[in-house]
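1. A structural model of the following input is requested.
(2 chains)
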Amino acid sequence: MTDRVSEATPLDMPSLRRRRIARYLLPAVGAGVIVVWVILALLAPAIAPFQPDSVDVLVRLHGPSLGHLFGTDELGRDVFSRVIYGARASLPAGLIVVAAGGLVGTLYGGIAAYVGGLVDEAMMRIADVVLAFPPLIIAMAIASALGIGMTNAILSMVVVWWPQYARLSRGLVLAQRNEEYVQAARVLGYPPARILLRHIFPNALGPLIVLLTLDVGNAIITFAALSFLGLGVVPPTPEWGAMVASGRSLIAQWWVASFPGFAIFSVVLGFNFLGDGIRDWLDPRGRRR
Amino acid sequence: MRRYIAGRLVTTVFLAIAATLVVFLIAHLVPTDPIRAHLGDLGSSKPEIVEAYRLRWGLDRPLWEQYVIYLQGLARGDFGISIQSERPVLDDILQYAPATLELATVAAFMAVLVGIPLGILAAVRRDTWVDHLARFVSLIGVAAPTFWLAFIALAVFYGGLQIAPSTGRLDLNVPPPPTVSGMYLVDSLIAGQPATFLNALAHMILPAAVLAASSLGLITRTTRASMLETLGQDYIRTARAKGVRERAVVIRHGLRNALVPVVTLGGLAYAQLLSGAVMTETIFSWPGLGRYAFQAAGALDFPAITGVTLLVAVTYLVVNLLVDLSYGLVDPRIVSR
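-> Take a look at the predicted model:
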C-alpha cells in the first residue's frame, strides 16, 4: 500500500473534490435511501394510496398514470402501494437474518478462537461444511423442507448465514488474543467469557460492522430470491421478489415486475454505499483503494 | 506439491460426504413428515404408498442406518423419484444439465473476458471514466437482483427494441440439432447446421450476459483492487526505472502477481453463477437445471430439490478444489508453504 498521492500534483483540486464526494456524498445518499425506505415501511398505511390487496378487475394491467403511479398488476392492484408495503417484508427480513446470523457466528467464531486447539478445529470444520454450499441453494432446500412462510425463509437463511461471521470473528479474535491488554486482563484474573465479551469483541468491532452493513443488502437480495422462488411470504402478502416472479411473463406490462425489482436494487445500493463509507471511516489507510 | 494435492483431495472428499449428511439431515430432521415431504399430496391420498416408502427407505430404523441406506442409494445413482415429472431425479438432471452447462460456460467466459481487462484498465487509469464505468458495472452486479436484471434485459431488448429473439434456446420453428452433447452450440456444429448454430447463439447472448453480470462485478472489483496493490510495489518501480515498456510492466510484472486473489474468487463467482442460473433460466424459459430447481421449489418437489442441491454442492466443491490446485500454477509459494 504505497502512498500514491505523490503522483498527483498537490493542487489537484478536482481529484480532491471527487474524493470528498466519495467519502461523504455516497454514504450520505446510501443512508438517505435507507431512511426513506424505513419511513415508508413504518408509515405504509398512511402513505400508500390504496390497500395493497384491494383487487379491482376494472383497472387490470393499467400502465403508470397519475392515479396509479406504478400502474396496476394482473388483478388490478396498485403496484405503487404494494411496493411500499413490500418494504415491510424485505427490510425486517434482511435485518433479522444479518443480526441473528451475525450474533451466532460472531460468538461461535470467537469461542472457537479463544478456546483454540481441537475444539477450534472441530468447530471450524462444521462451519466449512455449511460454506461448502452456495447460500441460496441450501437456503432453498431448507426453506422448502420447513414449508412456505416468512419465518421459515428467515430461519433457513440464518442457518446458512452465520459461518462467514464465524470465520471473520475467529480471525479477529486470534489477532487480538495475544495483545497486551488481553494479557493484562488475564493477569487480573477475569474469567474468559468476560475477557471475550468485554475486552476482545469491542476492539474487533470495526470490520464486523462493515461486513454487517454490506451484508444487509445481500440478505435482502437472497430473501427476495427465496420469495421469487415462491418460498418466502405467503401470497397475497406483497413482497418484492414475489411481485417480480408474478409479473415475470408480462413483458409488455413491464411496470408490474420492474418497480418492485427497482425497490430491491435501490435499498441494496443504499446499504452498499453506507457500508463502503463506514469502511473508509474506520480504515483510513484503505481509503484511497 | 504432491502432499498439497493429496491434502486438498482428502478435504474435498470429506466435505462431499458431509454435504450428503447435511442434505440427508435436512430431509429427515425437519418438522414435516419426511414421507409427506417426499411424496407430497400422493402420500395423503394413498396410505399403501406411504407404507411402502417407510419400508423402502428404512424409516423405522435408527437414523444412522437410514443414512447408510441413503448413501447406498446415492452410490447407485438413486436420487429418488421426482414428484412432478414422476421420473428418477437423476434422469431429469441428466436431461437438463447440458443446457445449464452451456449457458454457464458462456457466461463464465464473458465475465472473465470483460471483468479482468476492465479491472486492469480501472486500476491503471484510476479516477478516469474507465474507473467510474468499472465501479458502476460492479455496483450493478452486486446490488441488482439477477431475476430483475434478467427481466429488464428481456423487456428492453425483446419487448422494447425487438432486437433480441424470444425466450428459450431456439426459435419455435427451428428444430434442435441431433443430440450428442446436449449443448446446442456444440451439437449444431457437429451436425453441420450453421443456421441452427446462429439461432442458438442469438438466443444465448442475452441470458448469458445477464448471468455473467452477477459475477462480473466481483471479478472487476477484485482485479482492480489487486492490481492497485501490486502496481504500488517496489519491483514495479524498479521495472519502470529499468525502462521496461508500460504495457509489459502492467501485464508481465503486474497482472501475474495480481492474479492470486482473482483466482481465489473464482469459486465464489461460480457459486453466484449457479444461484444466478436459477433466476436467469426462469425468466428466459431456459430448459436447464435452474428452471428445474425453480419449478421443484414451487411445487415443493422435495426429491428434485435435494437432488439438485447435492449436485450443486458437489460441483461447487470440485470447482473450489480446482481453484486451490491452480494456485500451484499461479503462485508456487502457496503450495510450498
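2. buried ones in stretch B:253-270?
-> Using 16 or more other C-beta atoms under 10 Å in any protein chain shown as the test for burial, stretch B:253-270 gives B:253-255, B:257-260, B:262-270. Backbone N, C-alpha and C define where each C-beta goes, glycine included.
3. quick check, nearest of these to B:T282?
-> B:Y270 (19.3 Å; C-beta to C-beta).
4. List the residues that contact the closest one.
-> B:108, B:215, B:316, B:319 (C-beta atoms under 8 Å, 6 or more residues apart in numbering or on different chains).
5. doesn't B:L268 make contact with the last one?
-> No - look at B:V319 against B:L268 with C-beta atoms under 8 Å: they stay out of range, at 9.8 Å.
6. For the chain, give me the ranges with low pLDDT.
-> All of this refers to chain A. Across chain A, the ranges flagged by pLDDT under 70 are A:1-22, A:283-289.
7. Please refer instead to chain B.
-> If you take pLDDT under 70 as the line, chain B has these spans: B:29-45, B:54, B:56-60, B:330-337.
8. Closest residue of it to chain A?
-> B:W148 (3.0 Å; C-beta to the nearest C-beta).
9. That residue against A:A257, yeah?
-> Yes - using C-beta under 8 Å, B:W148 makes contact with A:A257 at a distance of 7.4 Å.
10. Please enumerate the shared neighbours of the two.
-> Contact with both B:W148 and A:A257 is made by residues A:V244, according to C-beta under 8 Å, 6+ apart.
11. mind listing the helices for chain A?
-> Listed in chain order, the helices of chain A (DSSP state H) span A:13-20, A:26-42, A:44-47, A:79-115, A:117-131, A:135-146, A:150-177, A:180-187, A:192-194, A:201-203, A:205-228, A:240-246, A:255-282.
12. nope, the stretch 51-200 of chain B is what I was after
-> When assigned using DSSP state H, counting those that start in this stretch, the helices of the stretch 51-200 of chain B occupy the ranges B:63-75, B:89-124, B:129-143, B:146-154, B:184-190, B:194-231.
13. Let me know whether the longest one sits next to chain A.
-> Going back to what we said before, that points to helix B:194-231. Yes - contact of helix B:194-231 with chain A (C-beta under 8 Å from any C-beta of the partner chain) involves B:225, B:228-229.
14. Same question for the third one.
-> Yes - in terms of C-beta under 8 Å from any C-beta, part of helix B:129-143 sits within range of chain A, namely B:139, B:142-143.
15. Output those residues as a markdown table; include the columns neighbour count and distance to A:T222.
-> A markdown table is the format used below for these (neighbours: other C-beta atoms under 10 Å in any protein chain shown; distance: C-beta to C-beta, whole Å):
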| residue | neighbour count | distance to A:T222 |
| --- | --- | --- |
| B:L139 | 18 | 18 |
| B:V142 | 21 | 13 |
| B:A143 | 22 | 13 |
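16. Closest to B:E65 out of those?
-> For the residues of helix B:129-143 next to chain A, the closest approach to B:E65 (C-beta to C-beta) belongs to B:V142, at 45.6 Å.
17. Grab the nearest non-local neighbour of that closest one.
-> In this structure, B:V142 finds its nearest non-sequential neighbour in B:G217, 4.8 Å apart by C-beta to C-beta, 6 or more residues apart in numbering or on different chains.
18. Contact partners for the one you found?
-> By C-beta under 8 Å, 6+ apart, the neighbours of B:G217 are B:137-142.
19. Please tabulate those residues in JSON lines, including the columns distance to A:R77.
-> Shown next, in JSON lines, are the contacts of B:G217 (distance: C-beta to C-beta, whole Å):
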{"residue": "B:V137", "distance to A:R77": "35"}
{"residue": "B:S138", "distance to A:R77": "35"}
{"residue": "B:L139", "distance to A:R77": "31"}
{"residue": "B:I140", "distance to A:R77": "29"}
{"residue": "B:G141", "distance to A:R77": "31"}
{"residue": "B:V142", "distance to A:R77": "31"}
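20. Pick the most deeply packed of the helices of chain A.
-> helix A:240-246 (a mean of 27; mean count of other C-beta atoms under 10 Å in any protein chain shown).
21. Figure out how far that one is from the centre of its chain.
-> 19 Å (C-alpha atoms, centre = their mean, to the nearest Å).
22. other SSEs contacting it?
-> Helix A:240-246 sits against helix A:79-115, helix A:205-228, helix A:255-282, helix B:146-154, with contacts defined as 3 or more C-beta pairs under 8 Å, 6 or more residues apart in numbering or on different chains; DSSP states H and E.
23. interface residues of the stretch 1-150 of chain B facing chain A?
-> B:15, B:18-19, B:22-23, B:26-27, B:30-32, B:37, B:127, B:139, B:142-148.
24. Was I right to think A:D56 contacts A:G76?
-> Yes - assessed by C-beta under 8 Å, A:D56 is found in contact with A:G76 at 3.8 Å.
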